[in-house]
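*Asks:* sequence unknown, structure follows:
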Ligand code: GAL
C-alpha cells in the first residue's frame, strides 16, 4: 500500500470506530484496540469482553482487521498523534518500550493490581521485563503463541499417498510434490508481507538452528545476515514458495487456513492462532488435523506474546483507570488464561499453569507447545519471533518484510544479492 492509500485506510477505519454505549449503571469503560477479527480470534476476545462486562464495566471494541496487526498499529499511531489514544491496545515486544518512552503509556495504573495479583511471581522474568518500563508494568501479557508450526490435514495427506509428516525440508518438498500431483494446493499461504516473513523466519530457523536465527534476526549480525547460511535459507525459501497457493496473493491468513480445514490444501505454515480456526470449525487436534514443528525446528520455539498496553487518558476520555485495572486483573486470572487460550490456540503466560497443562483440558498441540516452551527456555531454543514484533523495532521488521516479500515475488531474484540487500535495509532501519 502506498502512503496515500495507507492514510486513506487509517482515516476510513478511524471513522468506523464504534460510539461508546455505556449503560447508566456501568462502573466505567475500557476501549481496547486489537486485531483479533477472524472467527476463532473473535471467539477468544469475546471471552475477555464477557468477563469485563460481568465485572460491571463497559467494553468498547476497537477491533481493526488485518492479521499481524500492521493496520492496527497505523490506526493506533494516528490516534495517539491526535491526542485520542484508546485505553488499552495490543502492542508487543520491543515496541512496548518504544511507546513507553514517548510518555504515552500509563506507568501508574497497574502498580497496585500487579502487586495484589503477584505478577512478579506469576510471570517469567523475560516476559515481565518486556511489559515493564523502568520497573513499572505498562502492559499486561495475555498469552504465548508459538510461531514455528506446520498445520496438516491428514485426510488430504492420505489421499495424496503421504504416509509420514515431514520432519526435514526434503520430506516437506516430497510431500509438496505428492500434493501437487494429486491436485491439491500443497501449501496454503496468503502473500501478505507478515505471512511471507512468518515462512522466512521458519526457514531460517530450520537452516541455521536457534543460534543462527538469533544472530541473524535478533542480534542483526552483519556476517550472519550476509553469510552462506542466509544464502542457503533464501534458496530454500524460494523452493518452499513454489508450493504456495497460486491464488494466495494478498489473501488473509484465516481464509488460507480454511483451505486446509476444508480439504483443498494439505499444509499451512502459521503460528498457533491458526488453531483458533480449526477449533471454531469443531475440529479436533491429533484427529482432524496435525500440528508439527516446521521441519527441522522441533528443538526450537519462536515465541510471540500478545500484550495489552495501557495508555494515559485525558479527562474527557471514555476509558477510566478502574476499567483498565479490571481488564488487567481479568487477563491474568486463571480461568481467563485457560478459556482464552483454548479458543485462541495459544498457551497461558502464567508459569504455574504451563507446568500442569493437562489439568486444564488443553489439547495435544497446546500440551506440546507448553512442554517445548519450558524445555527450549533452558537450551537457548526459545527465540523471539521477528515476523510478530518480538525481536526488533517495527522499523527493522519493516525492512525484513520488504526485502523478503520482494524476493519471493521476483522470479529473477538472486539469493546472494538479496542477503546483501537484507543487511543494507536492516542497517538503514536500525
Ligand atoms: C499475531 C498475533 C496473534 C494473531 C495473529 C494473526 O501477530 O500475535 O494474536 O492475532 O497475529 O492476526
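*Replies:* Looks like it came in fine. Predicted model, so just to flag it, every value in this text is computed and none were measured.

*Asks:* now residue 417, what's its secondary structure?
*Replies:* helix (DSSP: H, G, I helix; E, B strand; the rest coil).

*Asks:* do the same with the one 5 residues further on
*Replies:* Of the three states, residue 422 takes helix according to three-state DSSP.

*Asks:* just the pLDDT for it.
*Replies:* What the model reports for residue 422 is a pLDDT of 98.

*Asks:* show me what from this structure comes close to the ligand.
*Replies:* Contact residues (CB under 6 Å from any ligand atom) of the chain with the ligand: 35-36, 41, 67-69, 145, 273, 304, 306, 388. Heads up, the C-betas are built off the backbone N, CA and C, glycines and all.

*Asks:* can you tell me how far the residue of the stretch 1-150 of the chain found nearest the ligand is from residue 117?
*Replies:* The ligand sits closest to residue 67 of the stretch 1-150 of the chain, with a gap of 3.6 Å, by CB to the nearest ligand atom. Plainly put, residue 67 is 31 Å away from residue 117 if you go by CB to CB, to the nearest Å.

*Asks:* neighbour count for these two, which is higher?
*Replies:* Higher neighbour count among residue 67 and residue 117: residue 67, with 26 against 17, using other CB atoms under 10 Å.

*Asks:* can you count the residues close to the closest residue to that one other than its chain neighbours?
*Replies:* Distance criterion CB to CB, 6 or more residues apart in numbering; nearest residue to residue 67, sequence neighbours excluded, is residue 253 at 4.6 Å. When counting by other CB under 10 Å, one arrives at 24 neighbours for residue 253.

*Asks:* residue 253 contacts residue 274, doesn't it?
*Replies:* Yes. Using CB atoms under 8 Å, residue 253 is in contact with residue 274, at 7.2 Å.

*Asks:* contacting residues around the residue of the stretch 1-150 of the chain closest to the ligand?
*Replies:* Residue 67 is in contact with 35, 38, 190, 192, 194-195, 252-254, counting by CB atoms under 8 Å, 6 or more residues apart in numbering.

*Asks:* one more time with 10 Å
*Replies:* Going by CB atoms under 10 Å, 6 or more residues apart in numbering, residue 67 touches 35-38, 41, 190, 192, 194-195, 198, 251-256, 270-271, 273.

*Asks:* repeat for residue 142
*Replies:* Counting by CB under 10 Å, 6+ apart, residue 142 touches 34, 36, 44-45, 48, 90, 92, 305-308, 331-332, 336-337, 340-341, 344, 346, 348-349.

*Asks:* narrow those to those in strands?
*Replies:* Taking DSSP state E, the ones among those that sit in strands are 34, 90, 305-308.

*Asks:* buried residues of stretch 354-367, list them for me.
*Replies:* 354, 357, 360, 362-363, 365-366 (16 or more other CB atoms under 10 Å).

*Asks:* tell me how the chain divides into domains.
*Replies:* If you go by automatic domain parsing, the domain ranges for the chain are 3-145+304-365, 149-302+381-429.

*Asks:* which one of the ones you listed has the lowest average pLDDT?
*Replies:* Of all the domains of the chain, mean pLDDT reaches its minimum on domain 3-145+304-365 (a mean of 91).
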